[in-house]
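J.: Fold the following and give me the result.
(chains A, B and C)
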Amino acid sequence: MAHDASSTLVTTATSETRLSRGILTAVALGFVLLFLLLPLATVFIEAFRKGPAEFFAALRDPETFSAIRLTLLVAGIAVPLNLVFGVAAAWAIAKFEFKGKAFLTTLIDLPFSVSPVISGLVFVLLFSSQSMLGPLLQSYDIQILFAVPGLVLATVFVTFPFVARELIPLMQEQGTADEEAALSLGATGWQTFWHVTLPNIKWGLLYGVLLCNARAMGEFGAVSVVSGHIRGQTNTMPLQVEILYNEYNFVAAFAVAALLALLALVTLVLKTALELRYSDEIAASRRH
Amino acid sequence: MSSNRLAGIAKLALVVGSLQLGLVGLAHADTTILNVSYDPTRELYKEFNAAFAEKWRADTGETVTIQTSHGGSGKQARSVIDGLEADVVTLALEADIDAIARESGKIPADWKTRLDNNSSPYTSTIVFLVRKGNPKGIKDWGDLVREDVQVITPNPKTSGGARWNFLAAWAWARAANNGDDTKAQEYVTQLFKHVPVLDTGARGATTTFVQRGLGDVLLAWENEAYLSLEELGPDNFDIVTPSISIKAEPPVALVDGNVERKGTRKVAEAYLDYLYSDAGQKIAAKHYYRPFKPEAADPEDTARFKELKLVTINDFGGWKEAQPKFFGDGGIFDQIYRPGQ
Amino acid sequence: MIAMAARTSTRWRFRQPSVIPGFGLALGVTLAWLTIIVLVPLSGLLWRSSSLGWSKFAELALDERTVNALTISFGTAFIAAVVNLVFGVLLAWVLVRYRFPGKRVIDAMVDLPFALPTAVAGIALTTLYAPNGWIGSLLAPLGIKVAFTPAGIVVALIFVGLPFVVRTVQPIMEEIDKEVEEAAATLGATRFQTISRVLLPGLLPAGLTGFALAFARGVGEYGSVIFIAGNLPYVSEIAPLLIVIRLEEFNYPAATAIAGVMLLLSFLMLLVINVIQAWSRRRYGYGA
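T.: Okay, here's the model as predicted:
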């Protein structure tokens, strides 16, 4: 009896009552439902509103198909570029001490805080026919705006920090002892990187690539400014969603949106799986 | 083991990467031309392009692919000025093609005289789209400023159709007040107080009205209004033709600077000429554009166009005068448009 | 880091000596890429802004519609960030402390806004909150309009900002020592006092960082907002959209000026976030 009373006392002192726990959980879950789950569900419900046949017909449209190809192409170029950059930046920042390091890290984060529209605008200002570079590019017949290079540049800009951001805290935490050991045993710099560093960071790296890819495929504002919206040519999937939506073609718009949402879900599943299995490696970067 | 596993990941990444690139492949036809157009012409050019490609193949044996880009007319002109490689432009307004000619020099200043009918192969006008049964009893422009009426129109600064809307409203008010432009400005000022949403393009405005259920009346291109009936069911909307409206002349032009460089002049010229052919006129009428040559069109299609009194842009002194006066920076629209006041 | 470097080196040195190779290469790649992708385009924008001249820049930036758009962007982003701070902390608490079925799924779903393309979120939220949508039709009889009003912008920004708060607060919450709460309870604090006087102050820096990140992201957000906002000048027109509209009107100077203002403000935000983190490291021993 006395034991019971004291344990109730302790639970109410360091935890909430069952009632308030229930209320808090309900409020939090209601919030998630209203702002996260319902929008997601809407995408799939609207996509299949007229049945699966309409859904698949919408995806077979040649313009939609070319939007899918273009999105894969742009992400296929932008992500590897930022992967190489991210590894190089993390190597320089995490393994060495030098002046201005904090400033460099801040600069790398910069694209996170710039509006996507501005990310697109800067390239329009740089490469449009009205700019200084414009006539030069035109005389060499180089098309950057309203073509794949412009889309890639804008995408690289907005996804710039993703890989570096994951790797820097992870590599900082791991320190340099492993590399120093390998070097003292006679390994070359590249050997050390391939056989010691890379295996240490591979899951964190994959995690960063995953997030980078999701953003690259889903970017809207920046690519919208540089795309020119040529049907079947410079419309990525998110832009195609907008176009179809503006054409009363709601089923098709939500069909493409559903494909993107599926990509998001796959990203989340892989991400969660990585977090669960390799929590030690990734925890470092999650806490940044 | 970890480097083995690493190799596995690297391989997987390579496979995924090459799959992505492989899918991209090559899908280019022999010749490609780009038609940069405005919002409501999507359906028109979808059909027209297919017809032209077939005609071109029959005539020359060559395959031509026609790409199109759609958006607010002003925005589209901006893209062409910035370097979008249009072979032809088919926009909503003369002023937008003038802007391309002026800013980029890729179109000669006298472009308007190069094709028949001021380079407008088809015309249209502005009508009202209302909810089924016309519950608010909207019959003419005067009803739009009633207390209980909300009007949907896009932004005249970015949308060509919206500029026609603006001028049509002005024309009515001017006629109703015996030619008094001050009264006309008062009316249009009132009218824009009844506009709850200002989309950048005609298509966005239609979506707002049709899909989002906002507003009691949509000021729309005649072709866009009929298309809405066709796409979304005649049991939802009615078209109201006002007593007076404006003859909207959407012009087309060859972008000389681009076709010279790309070597596509011949096919691009043929493309524009085909708009004026009997076949082209027929397609335009089918998509609710008033054809330049009505005799070429299906009588059934032309019978759908109601007779109404139409003013033209010349009643406003032509676009060269009207554009800066009404829609330029600090122009009348900028002065009168202050929502929430 | 810098403080440590300063202590250990007696004379000025760009970097600390290290046996690890590849500093030159890694830093070279990093700086080159950073310059090409981020610094040159952004300084191009700043240069274009400054070439307007101060009085012209001020005139464009202080234009009534511009000021309104900036006020709307910052105002709605602020409200959304406040909502996210409250519900984000609550959600993080529920996820860390309570057990309920489907917890892992909910935890993973918190990252949905990171992975879901903003355009998809935009059309889904609009469909839900429009007067004829599931949620909108429930609110309409109450006279509450969400879509096509500033409230719609707030809804979209709550969506995009939620994970920032949850993910910065959550790891800190996981590390809270239970003994602190027990100590407070032993000293006679009620549960409410323990939470409000002991736990929440400790979460303050993390919460503020998450708030600032969500706020910064919200200010620049474009894709999800344009579908739901109604885009009414002076009422529900956000600054990034005004940039796009100015571009569409051939008004490059105005677009550049607005972008310049936003860019300066986002530098400021970045600075504030760094200051909060530095302060929290000193005061609480962790950098959120």
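J.: Spatially central, which residue of chain B would that be?
T.: The centre of chain B sits closest to B:Tyr38, judged by Cα atoms, centre = their mean, with a distance of 3.6 Å.
J.: how many other residues sit next to A:Asn200?
T.: Counted with other Cβ atoms under 10 Å in any protein chain shown, the neighbours of A:Asn200 add up to 17. Any C-beta I mention is one placed from the backbone N, CA and C, and that applies to glycine too.
J.: Can you tell me the element it falls in?
T.: Under the criterion of DSSP states H and E, A:Asn200 resides in helix A:198-218.
J.: immediately after that helix, which helix or strand?
T.: helix A:221-227.
J.: Could you pull up the mean pLDDT of that next one?
T.: Averaging pLDDT along helix A:221-227 gives 92.
J.: and it, is it in reach of chain B?
T.: No: using Cβ under 8 Å from any Cβ of the partner chain, we find that helix A:221-227 stays clear of chain B, coming within 9.0 Å at best.
J.: now the residue in the stretch 101-250 of chain B that chain A sits nearest to: how far from A:Lys271?
T.: Using Cβ to the nearest Cβ, the closest approach of the stretch 101-250 of chain B to chain A is made by B:Arg203 at 4.6 Å. To A:Lys271, B:Arg203 is 37 Å away according to Cβ to Cβ, to the nearest Å.
J.: Contacts only, for the closest residue to B:Leu91 other than its chain neighbours.
T.: Computed as Cβ to Cβ, 6 or more residues apart in numbering or on different chains, the closest residue to B:Leu91 that is not its neighbour in sequence is B:Ser73, at 4.7 Å. Applying Cβ atoms under 8 Å, 6 or more residues apart in numbering or on different chains to B:Ser73 gives the contacts B:38-39, B:91-93, B:96, B:158-161.
J.: how about the residues you listed in CSV, adding distance to A:Leu276?
T.: Shown next, in CSV, are the contacts of B:Ser73 (distance: Cβ to Cβ, whole Å):
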residue, distance to A:Leu276
B:Tyr38, 52
B:Asp39, 48
B:Leu91, 55
B:Ala92, 55
B:Leu93, 58
B:Asp96, 56
B:Thr158, 49
B:Ser159, 51
B:Gly160, 55
B:Gly161, 54
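J.: what's the closest of the residues you listed to chain C?
T.: B:Thr158 (4.7 Å).
J.: For the closest one, which three-state class applies?
T.: coil (DSSP: H, G, I helix; E, B strand; the rest coil).
J.: That one - how many residues pack around it?
T.: Counted with other Cβ under 10 Å, residues neighbouring B:Thr158 total 27.
J.: Break the chain down into its domains, please.
T.: Went with chain A since none was named. Partitioning chain A according to automatic domain parsing yields domains covering residues A:18-47, A:52-286.
J.: Please refer instead to chain C.
T.: C:20-51, C:53-284.
J.: And those domains: which comes nearest chain B?
T.: Judging the domains of chain C by Cβ to the nearest Cβ, what sits closest to chain B is domain C:53-284, at 3.7 Å.
J.: Would you mind writing the CA trace of stretch C:173-185 as CSV?
T.: Presented in CSV, the C-alpha positions along stretch C:173-185 are these (Å, rounded to 0.1, in the frame of the first residue of the first chain):
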residue,chain,number,x,y,z
MET,C,173,15.7,16.3,-25.1
GLU,C,174,17.0,12.8,-25.4
GLU,C,175,20.0,13.8,-23.4
ILE,C,176,18.2,15.4,-20.5
ASP,C,177,19.2,13.7,-17.4
LYS,C,178,16.3,12.2,-15.5
GLU,C,179,18.1,13.0,-12.2
VAL,C,180,17.5,16.7,-12.8
GLU,C,181,13.8,16.2,-12.8
GLU,C,182,13.9,13.8,-9.8
ALA,C,183,16.0,16.4,-8.0
ALA,C,184,13.4,19.1,-8.7
ALA,C,185,10.6,16.8,-7.7
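J.: Poorly predicted segments of the stretch 1-150 of chain C, please.
T.: C:1-12 (pLDDT under 70).
J.: 90 - rerun?
T.: Along the stretch 1-150 of chain C, segments meeting pLDDT under 90 span C:1-22, C:46-54, C:59-65, C:130-133, C:140, C:143, C:145, C:147-149.
J.: just the stretch 101-250 of chain B next, same as before
T.: In the stretch 101-250 of chain B (pLDDT under 90), the answer is B:103-104, B:155-160, B:195-214, B:224, B:227-236.
J.: what's the most buried one of the domains of chain A?
T.: Sort the domains of chain A by mean neighbour count, taking mean count of other Cβ atoms under 10 Å in any protein chain shown, and domain A:52-286 sits at the top with a mean of 21.
J.: Could you tell me how far that domain lies from the centre of the chain?
T.: Chain-centre distance of domain A:52-286: 6 Å, with Cα atoms, centre = their mean, to the nearest Å.
J.: returning to that earlier point: buried among the contacts of B:Ser73? Make that a ChimeraX selection.
T.: Restricted to buried positions by 16 or more other Cβ atoms under 10 Å in any protein chain shown, the ChimeraX selection for those reads:
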select /B:38,39,91,92,93,96,158,159,160,161
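J.: elements contacting the strand or helix carrying C:Leu162?
T.: In this structure, C:Leu162 sits in helix C:150-174 according to DSSP H and E. Helices and strands touching helix C:150-174, by 3 or more Cβ pairs under 8 Å, 6 or more residues apart in numbering or on different chains; DSSP states H and E, are helix A:279-286, helix C:64-97, helix C:112-115, helix C:118-129, helix C:200-220, helix C:223-228.
J.: Recalculate using a threshold of 7 Å.
T.: Under the contact criterion of 3 or more Cβ pairs under 7 Å, 6 or more residues apart in numbering or on different chains; DSSP states H and E, helix C:150-174 touches helix C:64-97, helix C:112-115, helix C:118-129, helix C:200-220, helix C:223-228.
J.: Please convert the ones you listed to JSON lines, extending it with distance to A:Glu166 and mean neighbour count.
T.: Below are the helices and strands packed on helix C:150-174 laid out as JSON lines (distance: least, Cβ to Cβ, whole Å; neighbours: other Cβ atoms under 10 Å in any protein chain shown):
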{"stretch": "helix C:64-97", "distance to A:Glu166": "21", "mean neighbour count": "20"}
{"stretch": "helix C:112-115", "distance to A:Glu166": "13", "mean neighbour count": "22"}
{"stretch": "helix C:118-129", "distance to A:Glu166": "21", "mean neighbour count": "28"}
{"stretch": "helix C:200-220", "distance to A:Glu166": "16", "mean neighbour count": "23"}
{"stretch": "helix C:223-228", "distance to A:Glu166": "23", "mean neighbour count": "30"}
